[in-house]
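Asker: Test case, fold it:
(one chain, ligands or ions: 1)
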Amino acid sequence: MTTKFPKDFIWGTATSSYQIEGAVNEGGRGETIWDHFCKTTSKIANADNGDTACNHYHRYKEDIQLMKNLNIKSYRFSICWSRILPEGTGKVNPIGLQFYRSIIETLIENDIEPIITLYHWELPQVLQEKGGWENPKIINDFMNYANVIFNEFGDVVKKWITLNEPMVFTYLGYLKGIHAPGIADEISGAKAVHHALLAHGETVKLFRKLYPSEGQIGITLNLAPMYPSEDTIKAQEAAHISDGFTNRMFLDPILKGTYPEDILVIIKQQIQEPSVTNNFTIEKDLKTISQPIDFIGINYYSAGFVKEGKQKYEVEPVEMDAPKTDMGWPVTPEGIYDLLIRIKNDYGNIPLYITENGAAYKDNINEKGEIEDMERIEYLKSHLLMCQKAIADGVNLKGYYLWSFLDNFEWIDGYTKRFGIVYVDFKSQKRLPKKSAYFYKNVIDQNGLSLL
Ligand code: GCO
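Answerer: The predicted structure is shown next:
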């Protein structure tokens, strides 16, 4: 028996520029905050960096051919801002444009629909030196960059994502200092969130101006249901706060035009800097942020389980008794269902894409020269079935992009975590599709899963 997805359901895979391209000093590319961070922090496993990564910069043709062989219908990738504008603003680098034009053309020739993320965390380092996402000037700089890209590719690329996971690059980058640019400051974090969302809204406006009647634009958020780890009022309250910071802090302003009030109360207590916190209630800003968009992209990996912490408003993650991926993340397929249904119920039935879903496992090549990544297949299967259940229950889910096409540079985990359905030998740069790649091909071929 095969369970079918809707006829026009889009099957894709996703990557991001810094994680796969390499060639960081080629083609006139400027330095990004991730280049800089990798060289200056001790936080990255094995002191790895993206200098070579999957060398996709030189191998994209072969990689796209492999996608084609796997019958993949759409490819989500990101553009490295510093390849286009090595100084962050100003002079456009034609070699950078040519590189992405060639990727887009190769995809289209192979009937693979491109969907482009404008920002997957690679801020030009020169702009970070001016404050990066903390400085409101970034909004204009981002729009200028987006303008170059829209003008160049807007006639052939019809789906756009402004930002990838604003929560991660603002909270981890500016509030906790775990990711580039490595700033750990509450005020910096609060500013970065608001400026990122404003940049998103202004870019949507710009896109509508340039392409009033065609193309779709949205944003990708990493979302996760937050469950109380025990059946107590306190744990429920903790789950609500956690949901606020993770989900509502981004979904609410974008789709409802307000930041969540309960979270603002907490932020105001922590920051006590009205010049920063007042930004969250400026009507004009909220109007910009809540520009109508065509879809929400969801990155889903795992649900969260929490209980109350020791201090007021503090939330503690709780380890649940569930199988874990190599990231240590619990496998919680029902979470993707709950999340999809919740968005439908709380935010209207906006079109949704799963723009990332997948799992890292330790992959070993067996004596037959194959990788039998059965755990990844199980992970994918269980999540796809939950997506299908959500569609059957009325969720407007339009497509699924598996993370990731290739094993790649997993940020602070360097090359120690493998998310790909295609194995990459980082020494020889050989690609080897894992069993999960053939599983996924089969899903795409059948537009559904075989249930035996
Ligand atoms: C993210 C990014 C990806 C990651 C993936 C696995 O969610 O952090 O979008 O770049 O590689 O999520 O952690």
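
Asker: Can you pull out the low-pLDDT segments for this protein?
Answerer: 452 (pLDDT under 70).

Asker: For the stretch 351-452 of the chain, which residues are neighbours of the ligand?
Answerer: 356, 403, 410, 419 (C-beta under 6 Å from any ligand atom). C-betas here are computed from N, CA, C, even on glycine.

Asker: Nearest to residue 296 among those?
Answerer: residue 356 (12.7 Å; C-beta to C-beta).

Asker: where does residue 78 fall, phi/psi-wise?
Answerer: phi -120, psi 160 (degrees, to the nearest 10).

Asker: what's across from it in the sheet?
Answerer: residue 117 (DSSP bridges).

Asker: so what's residue 358 up against?
Answerer: By C-beta atoms under 8 Å, 6 or more residues apart in numbering, the residues touching residue 358 are 301, 376, 379, 380, 402, 403, 404, 419, 421.

Asker: Which of those fall in helices?
Answerer: Using DSSP state H, the subset of these located in helices is 376, 379, 380.

Asker: circling back: among the residues of the stretch 351-452 of the chain next to the ligand, which pair sits farthest apart?
Answerer: Top of the distance list for these (C-beta to C-beta): 356 and 410, 12.5 Å.

Asker: Between those two, tell me which one has more neighbours.
Answerer: residue 356 (25 against 20; other C-beta atoms under 10 Å).

Asker: got a winner among the ones in helices among the contacts of residue 358 for most neighbours?
Answerer: residue 376 (28 neighbours).

Asker: mind listing what that one touches?
Answerer: Contacts of residue 376 by C-beta under 8 Å, 6+ apart are 358, 359, 361, 421, 434, 436.

Asker: which residue packs closest to it, ignoring adjacent ones?
Answerer: residue 436 (4.5 Å; C-beta to C-beta, 6 or more residues apart in numbering).

Asker: Beta-bridge partners for residue 353, please?
Answerer: residue 297, residue 399.

Asker: Could you double-check that it lies in contact with residue 299?
Answerer: No - in this structure residue 353 lies outside contact range of residue 299 using C-beta atoms under 8 Å: 10.0 Å.

Asker: With neighbour numbers in mind, choose between those two.
Answerer: residue 353 (26 against 21).

Asker: Could you find the closest non-adjacent residue to residue 325?
Answerer: The shortest distance from residue 325 to any non-neighbouring residue, by C-beta to C-beta, 6+ apart, is to residue 359 (4.4 Å).

Asker: same deal with residue 343?
Answerer: Using C-beta to C-beta, 6+ apart and skipping the chain neighbours, the partner closest in space to residue 343 is residue 352 (6.5 Å).

Asker: Distance-wise, check the one you found relative to the ligand.
Answerer: 16 Å (C-beta to the nearest ligand atom, to the nearest Å).

Asker: separation between the nearest residue to residue 273 once chain neighbours are set aside and the ligand?
Answerer: Take residue 273 and drop its neighbours on the chain: the residue closest to it by C-beta to C-beta, 6+ apart is residue 187, 5.6 Å away. Residue 187 sits 24 Å away from the ligand, going by C-beta to the nearest ligand atom.

Asker: hang on, residue 187 is in a strand, isn't it?
Answerer: No - according to DSSP: H, G, I helix; E, B strand; the rest coil, residue 187 belongs to no strand; its state is helix.
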